[in-house]
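Undergrad: fold the following for me, if possible:
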Amino acid sequence: MTERALKDLLSAVKNGTTSIDAAAAALSQSPVADLGFARLDHHRELRCGFAEVVFCQGKEPEHVGSIAAELAQRSDRVLLTRASAEAFLAVERSVPHARYHATARVITIERVDAPAAEPVGLVAVLTAGTADIPVAEEAALTARLMGARVETRFDVGVAGIHRLFAQRDLLREAEVLVVVAGMEGALASVVGGLVARPVVAVPTSIGYGASFQGLAALLSMLNACAPNVAVVNIDNGFGAGYLAALINGARAAR
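TA: Here you go, the predicted structure:
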């Protein structure tokens, strides 16, 4: 059950259009949907503010399609990450209005009859290079689906640091910044030293051999001397976007 659905149900009880017994029956439905191969948590949004997110990598496309169809029945917004084109075809068969964002490998589903809400705050998503864009797009899509206003700026890494300084107005305006970088991961520390805002750093697996598939960037970000920098796992654009959206929402609500 979504927060909106719960409020609608309680309002219906209050104004007398739904009986207490009918409301109790609706609330007695199990919050867990057992599909045999998966057990879906339909009360995740009530507890955490956003519906259960599906990590598609390693799952059979048919399973992804069934999971998406079940979630879409009860959630206004559904997010599926690390999705292949084959997984999307399986989802599209049961949820025709699903969208596939190929660069980010993300599937989004938004209920077509749900009222559109104005995005809040501002999450700025920056990348050091163009090779970091897929991870950054995953972060941006996640934050947008969670209600944040998002601006992206790509290829503003420290190798040409004047490109970053040209974005100073955006850096100051943002409630929270997501900084995505591979190689040595220096961009997060530099950005952290320019703003009085939370910075969510995302190391990527982009780089030559000594980058160790993102480990070098991860360690650089963890050792950043800027105290406003927090770090998520390598290539975890989803985690960064989710965290940024939560921080953005809290700051924007002040």
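
Undergrad: how much space between Val191 and Asn223?
TA: Going from Val191 to Asn223 by C-beta to C-beta, to the nearest Å gives 15 Å. Backbone N, C-alpha and C define where each C-beta goes, glycine included.

Undergrad: the two - which one has more neighbours?
TA: Val191 (27 against 11; other C-beta atoms under 10 Å).

Undergrad: what's the burial count for the residue lying closest to the more buried one once chain neighbours are set aside?
TA: Nearest residue to Val191 in three dimensions, chain neighbours excluded: Val179, at 5.1 Å (C-beta to C-beta, 6 or more residues apart in numbering). Residues near Val179, counting by other C-beta under 10 Å, number 32.

Undergrad: now the element after the helix or strand hosting Val179, going C-ward?
TA: If you go by DSSP states H and E, Val179 is part of strand 176-181. Per DSSP H and E, the first helix or strand lying C-terminal to strand 176-181 is helix 187-192.

Undergrad: just the CA trace of that following helix, in PDB.
TA: In PDB, the C-alpha atoms belonging to helix 187-192 read as follows (Å, rounded to 0.1, in the frame of the first residue of the first chain):
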ATOM      1  CA  LEU A 187      36.700  15.200  -8.100                       C
ATOM      2  CA  ALA A 188      34.600  14.400  -5.000                       C
ATOM      3  CA  SER A 189      37.200  15.900  -2.700                       C
ATOM      4  CA  VAL A 190      37.600  19.000  -4.800                       C
ATOM      5  CA  VAL A 191      33.800  19.600  -4.900                       C
ATOM      6  CA  GLY A 192      33.600  19.000  -1.200                       C
END
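
Undergrad: list of residues touching it?
TA: Here helix 187-192 makes contact (C-beta atoms under 8 Å, 6 or more residues apart in numbering) with 126, 128, 156-158, 161, 164, 171, 177, 179, 181, 199, 201, 220-221, 224-229, 231.

Undergrad: re earlier: what's the strand holding Val179 packed up against?
TA: When contacts are defined as 3 or more C-beta pairs under 8 Å, 6 or more residues apart in numbering; DSSP states H and E, strand 176-181 packs onto strand 120-127, helix 133-145, helix 187-192, strand 199-203, helix 237-252.

Undergrad: which non-adjacent residue is nearest Glu86?
TA: In space, Glu86 is closest to Pro61, 4.6 Å off (C-beta to C-beta, 6+ apart).
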